[in-house]
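Engineer: Quick one: sequence and predicted model below, then my questions.
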Amino acid sequence: MVDESFRSCRPSPSGVEPPAIAVASPRSLHWLPPALAIAGMHRSGTSYVASLFDGAGIKLGERQLGVGHGNARGHFEDLDFLELHQRALRSCGFHGDGIVPEGRITFPMGLEARAGEIVAARRAAGLPWGWKDPRTLLFLDFWADQVPEATWLMVFRSPWEVADSLYRRLDEACITDPLLALRAWEHANRILLDFARRRPERCLVRELGQVIADPAGTFAVLRERFGLPLADPPPRFEAELLGGDAAARGAQASIVRALLPEVDALYGELRDVAESRVPLPTPWRATAEPVAAVAAVATWARASRERTIAATAHEQAVGAARTAAECLLAEEQARSAESERLLAEERARTADSERQLAGERARSADSERQLAEERARSADSERQLAEERARSADSERQLAEERARSAESERQLAEERARIADSQRQLAEERARSAESERQLAEERARSAESERQLAEEQALAATVIFAVRAEGQSLLTAEHDAGERRLVAEREAWELELAAARAETAAVQSGLDVNLRLFGERDAEQVATIGRHLAEIESLVAEINRLKQSIEDSAAEPLMPLPKPRTLAKLRREASRVVRQLRDTAGVPPLQKRPTRGSP
């Protein structure tokens, strides 16, 4: 939407400048990456200026508008900003090229979110960034609020050079209305000058000629005054890219001055703000009649258009010739490449043939070597064959001898087998005898074991008797120790009488036995053996009785020593009596008369 209340930056008729609009100082924005906005009317050289910053550390967008008619090195315009501005212009009823002769355009609210997204994406990278688009001039205040950290580089060019460039670019609107180019220049640059005067702390105004003459000086001001981190500008200026007829500049300037003096005055104001010393074209002469000036502008536009058309035709002819030459060159290069390919193939075939020949020669030499080796092996084989035949004859002789020895060995083997059979028979007999001996030995061992067992039983019985006698004597000593010496003496006398009786009886039995043995002489062997066994028992009992006597005698010498128990002695006596009775019965010895005991009648 056009704001008709837009106030021109031209001085008022009274010569008094309009009051400056107060601008609040923005808050500290050091946390945001530096930003640079390049603004200027179409055909004011902003593409060249943007190319300098694009090569000096300012990121001007990932997607940029490419080369085109009038910009052989590229536009360096961020397509995101370009497309957004075109949408904004169309939504307000204007052409998307942004050549607007009058009025102020308000940025559509519906596109503000998209503008915020674009800015946020650039800030997110954390690197110095910026953008360039001539249409930015129509939305300066909006972008100043959206990007408060941005530094503004405002670029302007003389009105006649901008108009001539638009004519040469064959812009249809400007060809139809030649004055449109000058009115659009005036409108755009009044907006530029008004913004620069309201925000001097954020703007640097430069004429294109100033940047071309001293790009390093412009960079230095931006570094020192605005703190932009810039590298040195690259040497990119090419005068022929500006185009136009330098000889006609004086006449073009005269037409503008005569027809639109306010445009010329605005250009002078811009030069004063930029402190520009760029030379002006000469001679200056004004056209007397406005009608003639309008006709001159039309002639100027037509001449520029015709020159552009002629230049375009020339460029097309040159391009066609260049294309034809390039086609011929390409064909020649293709033929040359084909020839080189064929030559390379021929060389490859030749090299392959030489390689095959060398391989064949190597194989031939190898075959001859193998043949010589084979002949040597054949001679060696014949020699080995002769040696093998000699060894075979010797082996046959040795075989005959071995067979004779084998026959002898077989005979000896038969004899040895016979001897072995006889030995085995004898061995079997010996084993039988050995088995019988082993059986008898086992029986003998059994008898010996039985004897040992009986002996063990006898020894156990004797040990039992001895232990019983000792135990009984110890018990009697313990029970009767307090009765005194008198009782001990009486018991000892009783023991002595008993022992004497046992001895007498044993002696009588022994005597009777000796008499019976003499009387009977050669009595039955079994009876003699029984008597011998009874005698052995009697001898054992006599020995035990003697031991008991010794114990009694020892106790008489040592009053404290325990005496044998009476029941043990009685048991021995009963045992002895039994053995004596058996012996008497066996031997036929009469029993002895019983001696009266002490105290009996």
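Structural biologist: It's in.
Engineer: The residue nearest in space to the middle of the chain and Ile58, how far apart?
Structural biologist: Note on the chain: the residue nearest the mean C-alpha position is Ala125, at 33.0 Å, using C-alpha atoms, centre = their mean. Distance of Ala125 to Ile58, computed by C-beta to C-beta, to the nearest Å: 12 Å. C-beta here means a position set from N, CA and C on the backbone, and glycine is covered the same way.
Engineer: now Asp177
Structural biologist: 37 Å.
Engineer: who has more neighbours, the two?
Structural biologist: Neighbour count, other C-beta atoms under 10 Å: between Asp177 and Ile58, Ile58 has more, with 24 against 15.
Engineer: Give me the nearest residue to the more buried one, chain neighbours excluded.
Structural biologist: Ranked by C-beta to C-beta, 6 or more residues apart in numbering and with sequence neighbours excluded, the top spatial neighbour of Ile58 is Gly130, at 4.8 Å.
Engineer: How confident is the prediction for Gly116, by pLDDT?
Structural biologist: The per-residue pLDDT reported for Gly116 equals 95.
Engineer: likewise Leu52?
Structural biologist: On pLDDT, Leu52 comes in at 91.
Engineer: ok so, going back, separation between the residue nearest to the centre of the chain and Ala507?
Structural biologist: Using C-beta to C-beta, we find Ala125 at a distance of 146 Å from Ala507.
Engineer: likewise Gln333?
Structural biologist: From Gln333 to Ala507 the distance is 162 Å (C-beta to C-beta).
Engineer: Could you list the buried residues of stretch 217-224?
Structural biologist: Within stretch 217-224, the residues that count as buried by 16 or more other C-beta atoms under 10 Å are 218-219, 222.
Engineer: Mind listing residues that contact it?
Structural biologist: The contact list for stretch 217-224 (C-beta atoms under 8 Å, 6 or more residues apart in numbering) reads 36, 52, 56, 151, 153, 204, 206, 210-211, 228-230, 232-233.
Engineer: Let me know the average pLDDT across the longest helix along the chain.
Structural biologist: Counting by DSSP state H, the longest helix found in the chain is helix 290-480. In this model, helix 290-480 has a mean pLDDT of 81.
Engineer: again, but for stretch 58-77
Structural biologist: 78.
Engineer: chain center to that stretch, what's the gap?
Structural biologist: Centroid displacement of stretch 58-77 relative to its chain, using C-alpha atoms, centre = their mean, to the nearest Å, is 47 Å.
Engineer: same deal with stretch 172-182?
Structural biologist: Counting by C-alpha atoms, centre = their mean, stretch 172-182 is centred 71 Å from the centre of its parent chain.
Engineer: Can I get that stretch in PDB? Just the C-alpha atoms.
Structural biologist: Backbone C-alpha positions of stretch 172-182 (Å, rounded to 0.1, in the frame of the first residue of the first chain) are rendered in PDB as follows:
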ATOM      1  CA  GLU A 172      10.400  -2.000 -21.200                       C
ATOM      2  CA  ALA A 173       8.800   0.400 -18.700                       C
ATOM      3  CA  CYS A 174      11.700   2.800 -19.000                       C
ATOM      4  CA  ILE A 175      11.900   2.500 -22.800                       C
ATOM      5  CA  THR A 176       8.200   3.300 -23.000                       C
ATOM      6  CA  ASP A 177       8.500   6.200 -20.600                       C
ATOM      7  CA  PRO A 178      12.100   7.500 -20.500                       C
ATOM      8  CA  LEU A 179      11.400   9.900 -17.700                       C
ATOM      9  CA  LEU A 180      10.400   6.900 -15.500                       C
ATOM     10  CA  ALA A 181      14.000   6.000 -14.900                       C
ATOM     11  CA  LEU A 182      14.900   9.500 -13.600                       C
END
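Engineer: what's the residue nearest to the centre of the chain in contact with, if anything?
Structural biologist: Ala125 neighbours (C-beta under 8 Å, 6+ apart): 33, 59.
Engineer: Name the nearest residue to Phe76, ignoring sequence neighbours.
Structural biologist: Ala50 (3.8 Å).
Engineer: Now list the buried members of the contacts of stretch 217-224.
Structural biologist: The neighbour count (16+ other C-beta under 10 Å) marks 36, 52, 56, 151, 153, 204, 206, 210-211, 228, 230, 233 as buried among these.
Engineer: Could you dump those into CSV and include secondary structure and distance to Arg578?
Structural biologist: Output for these, formatted as CSV (DSSP: H, G, I helix; E, B strand; the rest coil; distance: C-beta to C-beta, whole Å):
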residue, secondary structure, distance to Arg578
Leu36, strand, 150
Leu52, helix, 154
Ala56, coil, 149
Thr151, strand, 151
Leu153, strand, 156
Leu204, strand, 158
Arg206, strand, 162
Gln210, helix, 165
Val211, helix, 161
Leu228, coil, 148
Leu230, coil, 149
Pro233, coil, 154
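Engineer: burial of Ile463, as a residue count?
Structural biologist: You called it Ile, but residue 463 is Ala. Neighbourhood size, Ala463 [other C-beta under 10 Å]: 10.
Engineer: Now do the helices for the stretch 101-250 of the chain: every range, in order, please.
Structural biologist: 112-124, 140-146, 159-168, 172-176, 178-198, 208-213, 215-226, 249-259 (DSSP state H, counting those that start in this stretch).
Engineer: Just put those in TSV and tack on distance to Glu338.
Structural biologist: Output for the helices of the stretch 101-250 of the chain, formatted as TSV (distance: least, C-beta to C-beta, whole Å):
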stretch	distance to Glu338
helix 112-124	51
helix 140-146	59
helix 159-168	45
helix 172-176	49
helix 178-198	54
helix 208-213	49
helix 215-226	49
helix 249-259	54
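Engineer: And the ones you listed: which comes nearest Ser451?
Structural biologist: Evaluated over the helices of the stretch 101-250 of the chain, closeness to Ser451 peaks at helix 112-124, with 121.4 Å, by C-beta to C-beta.
Engineer: Using PDB, write out every CA atom in the closest one.
Structural biologist: Written as PDB, here are the backbone C-alpha positions of helix 112-124 (Å, rounded to 0.1, in the frame of the first residue of the first chain):
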ATOM      1  CA  GLU A 112       6.800 -10.500   8.600                       C
ATOM      2  CA  ALA A 113       7.000 -14.100   9.900                       C
ATOM      3  CA  ARG A 114       8.900 -15.200   6.800                       C
ATOM      4  CA  ALA A 115      11.200 -12.200   7.200                       C
ATOM      5  CA  GLY A 116      11.900 -13.300  10.800                       C
ATOM      6  CA  GLU A 117      12.700 -16.800   9.700                       C
ATOM      7  CA  ILE A 118      15.200 -15.600   7.200                       C
ATOM      8  CA  VAL A 119      17.000 -13.400   9.700                       C
ATOM      9  CA  ALA A 120      17.000 -16.100  12.400                       C
ATOM     10  CA  ALA A 121      18.500 -18.600  10.000                       C
ATOM     11  CA  ARG A 122      21.400 -16.100   9.200                       C
ATOM     12  CA  ARG A 123      22.000 -15.400  12.800                       C
ATOM     13  CA  ALA A 124      22.000 -19.000  13.800                       C
END
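Engineer: which parts of it are buried?
Structural biologist: 115, 118-119, 122-123.
Engineer: so which of the contacts of stretch 217-224 comes closest to Ser276?
Structural biologist: Closest approach to Ser276 among the contacts of stretch 217-224 (C-beta to C-beta): Gln210, at 5.5 Å.
Engineer: Just list the residues touching that closest one, thanks.
Structural biologist: Gln210 sits in contact with 217-218, 274, 276-278, where contact means C-beta under 8 Å, 6+ apart.
Engineer: I appreciate the help and will end here.
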